[in-house]
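J.: give me a 3D structure for the following:
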Amino acid sequence: MYLKLKLFAFLALYFTAIVGEVQKCHFGDLKCIETTASSLVKLGDGSPEMNLPDLHNFNFNGLRFLRNGDSSPIEADLRIIESNITGISGMKASNAKGFGKDLKGPHSITFKSKSTTLLGLIQ
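T.: Residues are numbered from 1 along each chain as shown. So this is what the prediction gives:
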């Protein structure tokens, strides 16, 4: 299962830049960023020193999934409230893009997981 979470891309870059315990990466070093992001999600119990929440049961106020356009055979707009995701701590980061010196461009990291569960109320 492939799950792209921009939140983790931001967290990986943020923690890589400011936390001494986590391996620091140079701009554009995508392999290092992938390794560091994978290390961060393995801290399943979280880390108060890094302001990293418990990832075994990660709660969101809300998520929105929007899929439409000419290239998509399915058009959907789902809003999930009171959502909870489990299985994040078992994810592995790969396919990082961006993260150069120009932070205005797009950045992404793909996280792969054998099993991830999203529970919530559809609005």
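J.: buried residues in stretch 26-34, which are they?
T.: Within stretch 26-34, the residues that count as buried by 16 or more other C-beta atoms under 10 Å are Asp29, Leu30, Cys32, Ile33, Glu34. Placement of C-beta: from N, CA and C, glycine included.
J.: so how many other residues sit close to the closest residue to Asn68 other than its chain neighbours?
T.: In space, and not counting its chain neighbours, Asn68 is closest to Glu75: 4.5 Å by C-beta to C-beta, 6 or more residues apart in numbering. If you count neighbours by other C-beta atoms under 10 Å, Glu75 ends up with 9.
J.: for Glu75, what are phi and psi?
T.: phi -110, psi 120 (degrees, to the nearest 10).
J.: so it touches Leu66, yeah?
T.: No - counting by C-beta atoms under 8 Å, Glu75 stays clear of Leu66, with 9.1 Å between them.
J.: distance from the centroid: which residue in the chain tops it?
T.: Distance from the centre of the chain peaks at Asp70, with 26.8 Å (C-alpha atoms, centre = their mean).
J.: assumed that one was part of a strand.
T.: No - read with DSSP: H, G, I helix; E, B strand; the rest coil, Asp70 is coil and lies in no strand.
J.: going forward, the N-terminal residue is numbered 53.
T.: In the new numbering, first residue 53, that becomes Asp122.
J.: in contact with it, which residues?
T.: Listed by C-beta atoms under 8 Å, 6 or more residues apart in numbering, the contact set of Asp122 is empty.
J.: which residue comes closest to Asp129 once chain neighbours are left out?
T.: Excluding its sequence neighbours, the residue lying closest to Asp129 (C-beta to C-beta, 6+ apart) is Leu118, at 5.3 Å.
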